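Colleague: Structure for this input, please:
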Amino acid sequence: MEDRTLRAQFRRSLDAFKQVFRHADLRYLELALGLNWTAENAYLVAVSVYAYGHGGATAVGLVGLIRMVPAGVAGLFGAVIADRYRREQLLRLLALGRAVLAGVTGLAFFAGAPVAIVFALAALLNILNVLLRPGYWALLPDLATTPEELVACNVVASVFEGLAWLAGPLLAGVLISLTSPGVAFFAAAGLLAGSTLFAALVRASHLVQTKTSERRVLSDTLEGVKTVARNRDARVIFGLFGAQTIVRGALNVLVVVAAIRLMQFGAPGVGWLSSAFGVGGLIGALATFTLVGRRRLAMPFGIGLILWGAPIALVGIWPHPIVGLVLLGLPGAGNAVLDVAGLTMLQRTIPNKVLGRVFGALEAQVFATIGLGSVLASALVGWLGARGAMIAIGSLLPALALLSWRRLRAIDEATDVPEEELALLRGVPMFSTLPAVALEHLATSLTPISVASRAAVFRRGDVGDRLYVIVDGEARVSYGRATTARLGPGDCFGEIALIRGVPRTATVTASGDLRLVALESEPFLAAVSGNRLSTDEAERIVGERCDAIERPLPAEKPRPAQRPAQRPATKRRRPPRVAAKRRVRPASQTATKGRRAPSRATKRRRPVAKQRARSR
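Modeller: Numbering: from 1, shown residues only. Alright, predicted model coming up:
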């Protein structure tokens, strides 16, 4: 039974993986990011070897600080562009700029430029990288159509990151051993040029970018930080990611020190140890296939933290070359699991309209803490030695994973989505084209409402602040006395006032007992206005309903009221008329001059006074 379950899980994961590559925009986006990561890792090895040759471990820590701290500041104040401008166009420009800077770094190396210039170019390259990554992570939920596809996108990204950690350092190590770091810089530039070409193929034509006022740049920039500060779950995830990236920055220094001092690999050994990290990342990425379709991700996140730190401490305890290669592959596996679980948890927790700024704040933290980790590792190596520094750094993450375990479980419980409401929204045409994460946010924002029979949900002229979806029952839409529509389960109403910004245009009354779910205007407009397909569908529905107001439904013929059966009334018989004895008058009294004698009925209608006058 267990074997069948694992097989079914792997089949679902593989189907989701294939679905990502059948989606043209997702395919090109993933390939662009994969080449970008490969170039980044090759460049990192080249600049680390270059720095070590000009100042040892201290120079490696210094270049890490110079690369990371300015990038962290830029990420904090520059990530707003991921929410202000079209994200796919932003990726193209940033990838192109990074390709140019990598090529210039190679030229500076061969021209014998001062070390400060090479370090400055490395810092500029990283600033563009910190602006690129939030756009990517915020664009993924916009393109993924199901929750499984979103997790699959993160899994594919993790696979590509593992391949990048393997291929990038391996490529740089081979080129450095055969030629020099300058050739590795040019190789990174070529990879970034390929990333630019793939980014140019991402269209995302269904997305709509909301324009914001230029005066709100500062407040919009800080909105990502404020969102994290207000959200307890996001704070926990941010804190654990920050601890992991401190260890990651320290590892950038410790890998160089371990390869040259502890394991006697020499300068090319930096590439070999970094490639071991990439092999582990690739294996971990394959393991993340089991996360596709899984709602609860706290346990994988905690396991990723432990795998990131514990092997580094073990390398410090036992610095054998072969053992070191194997153990430094485990943080790569932990990195894959940690990224898929943590990033998916953030994507489910944060509203899409500020998602770019939140990921910008995350990237700012990543780069700042990597720089801090580099400086910390350099200090610890000088204080505790290489082995002591590795043991101290590696023990941090397992301890934090144990301390935060209960809170991670609570985050899992908070992200459970009501399946009934989610299925109801998927059946509404204007919501069916929304990304999976947007639908999940809407489903958790719904409020159940009950309306009694013949009661009005709202009346014409009321303020429109909600959209309603019928769960059970029927509703009558009327304009004056005319009925314009009859709605049943799965139908929605109330969108005209929200989209057009006008009062209610009609009255909606419950035909019987009615069960509804209500959606406030802010989450509704944020979801619909950000998706062109959803916006077009909403405008079509609004147009049809406005036309229906002008052409109401034909009035139904009233049915005659049924009276209770009654016995036929008995016909009243009149008493027989008794003929009166006719009085015979003389002819002289009854004769008239040239006129016919009036009948008895005529005499009866004349006034009594006239009859008396004529009789005289």
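
Colleague: Return the distance of stretch 346-355 from the chain's centre.
Modeller: Distance of stretch 346-355 from the chain centroid (Cα atoms, centre = their mean, to the nearest Å) equals 6 Å.

Colleague: For it, output the C-alpha coordinates as PDB.
Modeller: Output in PDB follows, covering the C-alpha atoms of stretch 346-355 (Å, rounded to 0.1, in the frame of the first residue of the first chain):
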ATOM      1  CA  LEU A 346       5.400  32.800   1.800                       C
ATOM      2  CA  GLN A 347       3.600  32.800  -1.500                       C
ATOM      3  CA  ARG A 348       0.500  31.400   0.200                       C
ATOM      4  CA  THR A 349       0.700  33.900   3.100                       C
ATOM      5  CA  ILE A 350       1.300  37.200   1.400                       C
ATOM      6  CA  PRO A 351      -1.300  39.100  -0.800                       C
ATOM      7  CA  ASN A 352      -0.200  39.300  -4.500                       C
ATOM      8  CA  LYS A 353      -0.300  43.100  -4.700                       C
ATOM      9  CA  VAL A 354       2.600  43.400  -2.200                       C
ATOM     10  CA  LEU A 355       4.300  40.100  -3.000                       C
END
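
Colleague: Let me see the mean pLDDT of stretch 232-243.
Modeller: Averaging pLDDT along stretch 232-243 gives 87.

Colleague: Correction: the previous question concerned stretch 540-555.
Modeller: Mean predicted confidence for stretch 540-555 is 66.

Colleague: Can we start the residue count at 52 from this point?
Modeller: Renumbered: residue one is now 52, and that last one reads stretch 591-606.

Colleague: Relative to L427, how far out is T296?
Modeller: Distance, T296 to L427, by Cβ to Cβ, to the nearest Å: 12 Å. Heads up, the C-betas are built off the backbone N, CA and C, glycines and all.

Colleague: okay, the two: which has more neighbours?
Modeller: T296 (23 against 20; other Cβ atoms under 10 Å).

Colleague: What's the separation between that one and R118?
Modeller: For T296 relative to R118 (Cβ to Cβ), the value is 13 Å.

Colleague: contacting residues for L183?
Modeller: Neighbour list for L183: 87, 141-142, 145-146, 149 [criterion: Cβ atoms under 8 Å, 6 or more residues apart in numbering].

Colleague: 10 Å instead, please
Modeller: 83-84, 87, 133, 138, 141-146, 148-149, 246, 250, 414 (Cβ atoms under 10 Å, 6 or more residues apart in numbering).

Colleague: picking up where we left off before, find residues that contact each of T296 and R118.
Modeller: Among the neighbours of T296, those also in contact with R118 (Cβ under 10 Å, 6+ apart) are 418, 421-422.

Colleague: could those residues go into a markdown table alongside neighbour count, distance to A153 and secondary structure?
Modeller: Shown next, in a markdown table, are those (neighbours: other Cβ atoms under 10 Å; distance: Cβ to Cβ, whole Å; DSSP: H, G, I helix; E, B strand; the rest coil):
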| residue | neighbour count | distance to A153 | secondary structure |
| --- | --- | --- | --- |
| F418 | 28 | 17 | helix |
| I421 | 26 | 19 | helix |
| G422 | 27 | 20 | helix |
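
Colleague: Do a quick rundown of the strands in this structure.
Modeller: Secondary structure of the chain (DSSP state E): strands at 498-502, 507-509, 517-523, 526-530, 533-538, 543-544, 558-561, 565-571.

Colleague: what mean pLDDT does the fourth one have?
Modeller: Spelled out, that is strand 526-530. Mean predicted lDDT for strand 526-530 stands at 88.

Colleague: Same check on the shortest one?
Modeller: With pLDDT averaged residue by residue, strand 543-544 scores 88.

Colleague: Could you spell out the sheet neighbours of that strand, each with its direction?
Modeller: Sheet pairing of strand 543-544 (DSSP bridges) gives strand 517-523 (antiparallel).

Colleague: now swap in the last one and tell me
Modeller: For strand 565-571, sheet partners with direction are given as strand 498-502 (antiparallel), strand 517-523 (antiparallel), following DSSP bridges.

Colleague: relative to strand 526-530, how tilted is that strand?
Modeller: 70 degrees (axes from the mean of the first three to the mean of the last three Cα atoms, to 10 degrees).

Colleague: Could you give me the buried positions within strand 565-571?
Modeller: Buried residues in strand 565-571, counted by 16 or more other Cβ atoms under 10 Å: 565, 567-570.

Colleague: from the contacts of L183, which would you call buried?
Modeller: 83-84, 87, 133, 138, 141-143, 145-146, 148-149, 246, 250, 414.

Colleague: So which of those is the closest to A159?
Modeller: R149 (15.4 Å; Cβ to Cβ).

Colleague: just checking, the closest one touches L179?
Modeller: Yes - R149 is in contact with L179 according to Cβ atoms under 10 Å; the separation is 4.9 Å.
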